[in-house]
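Enquirer: Okay, sequence plus prediction incoming.
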Amino acid sequence: MTISKYERLVVRRPLRPAGSPDIKGLTPPMVYLSKEQVPEAEVSIELRWVHGVPEPASEVAEQISDRDRILLFMGTDGAKPQVLGGTVGLRLGGQPIVFNTTTSVFVPKGVPCDSVEWKDFQRPHLLMSMVLGDRDSYESPDRGSGNPDGVDYESFVIRSPMREAGPDRVDGRQNPTMTYMSGNQVVGVKHYIEVGWIWDVPSRRIPKMRHDNYEEIVLHVGTDPDAPEDLCGSMQFGMGDDLLEFDTNYCVFIPRSLDHGPLIWNEMRKPMLEIAMMLGAGTWAEGWEGSFFDEE
């Protein structure tokens, strides 16, 4: 069987770093994107399942990073996509932040993010951590000034998504999807993240597209906490002229100007999550407008 040349842009099996601290209630990190896996990628992404109140909580997040980061806490109840399944508290820039919904947190480089702890737990959910690399991902007049007085770090937290991407309705999948990071939500941010649920085989595939100005990252993740790498279905993802097949969680790094799509679902056993991230585009219009040339 011929292996597609685009497999170099795909992560089918996560790295599991050796030496990760043992935290009760939290699975070890599953790295789905890094330079080690895809040399072109400047972003690293790891996923962890939360199975209970993590102990010790102090091991969950580092205090200060020299890179911008995004933390995305995702509920896994497809019927209630904004319900996290627990209550989480953390300190961002020394300011207490508490949430119990699916929530994203933008952590500018140099700003302390610590004391992450779960105050209660109802059902398993996911924590996705992204390190944004060397690219300029955020513009602010306060950039480089350390921890300026008067900053309200609540403005870096998105507890309720915008719903702006996608057609009004496609049977089997969530439309519009949920925007959990953009320049419209966190002023100055230059990345766009949308999250969408697929509950059943969608009645319409996602058509072929191309982004000439930006790189894109797409993850598809199953929602079975007892089988953390299972996609909970099978699907095909077009890259160039090749149609790649998947039945486990995967991440695709899409360089600018590469034709990709269609996305075709063949089988669904349980709901799955689709996470798309446009690097450098702060709004949906910047990233996706004019990208689709095979509309159906």
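Expert: Alright, I've got the coordinates. Residues are numbered from 1 along each chain as shown.
Enquirer: Could you list the low-confidence segments of the stretch 101-250 of the chain?
Expert: Screening the stretch 101-250 of the chain residue by residue with the criterion pLDDT under 70, one finds the ranges 134-149, 167-168.
Enquirer: quick one, strands of it?
Expert: In chain order, the stretch 101-250 of the chain shows strands spanning 103-107, 113-121, 125-131, 157-158, 178-181, 191-198, 215-222, 230-239, 242-248, 250-254, with DSSP state E, counting those that start in this stretch as the criterion.
Enquirer: And stretch 275-290, how far out from the chain middle?
Expert: What separates the centre of stretch 275-290 from the centre of its chain is 14 Å, taken as Cα atoms, centre = their mean, to the nearest Å.
Enquirer: one step back: Leu279: which of the strands of the stretch 101-250 of the chain is closest?
Expert: Checking these against Leu279 by Cβ to Cβ gives strand 215-222 as the closest, at 4.5 Å. Glycine gets a C-beta too; all of them are placed from N, C-alpha and C.
Enquirer: if we look at that closest one, which residues are touching it?
Expert: The contact list for strand 215-222, computed with Cβ atoms under 8 Å, 6 or more residues apart in numbering, reads 32-33, 41, 43, 45, 47, 126, 229-233, 235, 237, 246, 249-256, 260, 270, 272-280, 287.
Enquirer: could you give the angle of that strand to strand 250-254?
Expert: For the pair strand 215-222 and strand 250-254, the angle between their directions (axes from the mean of the first three to the mean of the last three Cα atoms, to 10 degrees) equals 170 degrees.
Enquirer: What pairs with strand 215-222, parallel or antiparallel?
Expert: Using DSSP bridges, the neighbouring strands of strand 215-222 in the sheet come out as strand 250-254 (antiparallel), strand 272-279 (antiparallel).
Enquirer: can you list those in JSON lines and add mean neighbour count?
Expert: Rendered in JSON lines, the data for those read as follows (neighbours: other Cβ atoms under 10 Å):
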{"stretch": "strand 250-254", "mean neighbour count": "23"}
{"stretch": "strand 272-279", "mean neighbour count": "24"}
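Enquirer: Of all the ones you listed, which one is nearest Val105?
Expert: Closest of those to Val105 is strand 272-279, at 15.1 Å (criterion: Cβ to Cβ).
Enquirer: in the helix or strand following the closest one, what counts as buried?
Expert: Toward the C-terminus, strand 272-279 is succeeded by helix 284-288 as the next helix or strand (DSSP states H and E). By 16 or more other Cβ atoms under 10 Å, the buried positions in helix 284-288 come out as Trp284, Glu286, Gly287, Trp288.
Enquirer: and for helix 284-288, what are the contacting residues?
Expert: Identification of contacts with helix 284-288 by Cβ under 8 Å, 6+ apart yields 164-165, 179, 182, 192, 194, 209, 211, 213-214, 216, 278, 281.
Enquirer: if you set the cut-off to 6 Å instead, what comes out?
Expert: With Cβ atoms under 6 Å, 6 or more residues apart in numbering as the contact definition, helix 284-288 has outside contacts at Glu164, Ala165, Tyr192, Tyr214, Met278, Ala281.
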